[in-house]
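Participant: Quick check, what structure comes out for this input:
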Amino acid sequence: MPCLEPGANGIYISKENDYYPNTLLSIFRGDWKNSIVHISAGETRNDFEIRLPPKGARLTGRVVDAVSGKIIESAILILCRAKTRVAIRLTLITP
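Facilitator: So this is what the prediction gives:
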């Protein structure tokens with residue numbers, strides 16, 4: 001990875017098409033240990049292993065006005081993990 005700087009580098013992964021969540025999003029942190037790679041200038045590392053977290057799920061839908069039934073564009077959705085109370089805020093863009 002040519003973009004690594006000397007020192008500690010966090011590596012975040014995802015394979016969302018197969019329901020593995022993007023570990024860069026804070027809601028998924030804490031359930032597994034993020035991979036931290038320590039590297040020196042000019043060093044090449046090939047002795048680390050990155051593991052995908054447990055598979056997640058996909059939430060799809062829309063936000064609608066309760067009275068008119070019209071879709072509300074750019075609504076804010078907050079997902080919160082009940083176990084850890086970690087939340088992530090998403091702005092929904094309606095196509």
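Participant: Show me the domain layout of the protein.
Facilitator: Domain assignment for the chain, taken from automatic domain parsing, gives 1-42+52-57, 59-95.
Participant: Return the most buried member of the ones you listed.
Facilitator: domain 1-42+52-57 (a mean of 12; mean count of other Cβ atoms under 10 Å). C-betas here are computed from N, CA, C, even on glycine.
Participant: Throw the domains of the chain into CSV and include mean pLDDT, thanks.
Facilitator: Output for the domains of the chain, formatted as CSV (pLDDT from 0 to 100):
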stretch, mean pLDDT
domain 1-42+52-57, 76
domain 59-95, 77
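Participant: For this protein, which segments are assigned as helices?
Facilitator: With DSSP state H as the criterion, the chain has no helices.
Participant: where do the strands sit along this structure?
Facilitator: Using DSSP state E, the strands of the chain run over residues 7-11, 35-39, 76-80, 87-91.
Participant: what packs against the second one?
Facilitator: Strand 35-39 is packed against strand 7-11, with contacts defined by 3 or more Cβ pairs under 8 Å, 6 or more residues apart in numbering; DSSP states H and E.
Participant: Indicate each strand paired with the strand it packs on and its parallel or antiparallel sense.
Facilitator: strand 35-39 (antiparallel) (DSSP bridges).
Participant: Now find how far off-centre the strand it pairs with is within its chain.
Facilitator: Mean-position distance between strand 35-39 and its chain equals 19 Å (Cα atoms, centre = their mean, to the nearest Å).
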